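A.B. asks: missing the sequence, but the structure's below:
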């Protein structure tokens, strides 16, 4: 059986390219083509599409003599297309911790996470005094963490809506995560009234926080 025949039968060209780069880490075009019977133009087209989609990175390799050549490797997004335990493992570790050391140990770990989150926010907000700017910066930080944030200005203040929860599996099992998040918001906005209107973990489509603008501002 020719090398790669099994892969040919089971995978599309793009899937096959991802598998090749997963195994070889970084490949030249010559190396990539050793796995294909189709034209190089067709393979380059698929590689270009994967690059545009953020799954593959193209590297330029300069030589002392002659023209540079290119190699291809998976990005973090590309690696994420393969099975992993990134989602399940943290929850399983907390469950194991609870079984071995009890609920108090889990609470201590989650509290430590809350303190770390609070310290990070403080470091980013320490020079910001404006309520509006602070809301904007908090939303930006949360969005960068994958919460898919939208901010809506209201007559009384703001609504912060998270359409995604990157730690929903943990928050669903341990409600303290959501309680801790509210505590962080209360500390970030000590002169505002902070309310949690909805939670993804309660079956809603998003988490929504309302923040009332401090009086006189």
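C.D. replies: Nice, I can see it. Treat the numbers as computed from the prediction; the structure is a model and nothing was measured. Numbering: from 1, shown residues only.

A.B. asks: Okay, the residue lying closest to residue 171 once chain neighbours are set aside and residue 113: tell me how far apart.
C.D. replies: Nearest residue to residue 171, sequence neighbours excluded (C-beta to C-beta, 6 or more residues apart in numbering): residue 177, at 4.1 Å. Where C-beta positions appear, they are placed from N, C-alpha and C, glycine not excepted. The spacing between residue 177 and residue 113, counted by C-beta to C-beta, to the nearest Å, is 8 Å.

A.B. asks: Mind giving me the packing neighbours of the one helix or strand residue 169 maps to?
C.D. replies: Residue 169 belongs to helix 168-173 when assigned by DSSP states H and E. Applying 3 or more C-beta pairs under 8 Å, 6 or more residues apart in numbering; DSSP states H and E, one finds that helix 168-173 contacts helix 88-101, helix 176-188.

A.B. asks: Now residue 88: closest residue in space, sequence neighbours ignored.
C.D. replies: residue 169 (7.4 Å).

A.B. asks: do residue 143 as well
C.D. replies: The nearest residue in space to residue 143 (C-beta to C-beta, 6+ apart) is residue 149, at 4.1 Å.

A.B. asks: ok, the one you found touching residue 162?
C.D. replies: Yes. Counting by C-beta atoms under 8 Å, residue 149 touches residue 162, with 5.7 Å between them.

A.B. asks: Those two: which is more packed in?
C.D. replies: Neighbours around residue 149 and residue 162, counted as other C-beta atoms under 10 Å, are more numerous at residue 162. The numbers are 23 against 20.

A.B. asks: Now do the phi/psi pair for the more buried one.
C.D. replies: Phi and psi for residue 162, reported as degrees, to the nearest 10, are phi -110, psi 110.

A.B. asks: OK, contacts around it?
C.D. replies: Residue 162 is in contact with 142, 147, 148, 149, 200, 206, 207, 208, counting by C-beta atoms under 8 Å, 6 or more residues apart in numbering.

A.B. asks: Where does the second one fall, secondary structure wise?
C.D. replies: Element membership of residue 147, judged by DSSP H and E, is empty: it is in no helix or strand.

A.B. asks: follow-up on the earlier one: buried sites along the helix holding residue 169?
C.D. replies: Within helix 168-173, the residues scored as buried using 16 or more other C-beta atoms under 10 Å are 170, 171, 172.

A.B. asks: How about residues contacting stretch 15-35?
C.D. replies: With C-beta under 8 Å, 6+ apart as the criterion, stretch 15-35 contacts 3-4, 7-8, 11, 36, 40, 43-44, 46-47, 50, 55-56, 59, 69-74, 78-79, 81-82.

A.B. asks: can you give me how far the helix holding residue 169 is from the chain middle?
C.D. replies: 16 Å (C-alpha atoms, centre = their mean, to the nearest Å).

A.B. asks: Same check on stretch 145-155?
C.D. replies: In terms of C-alpha atoms, centre = their mean, the centre of stretch 145-155 is set 17 Å apart from its chain centre.
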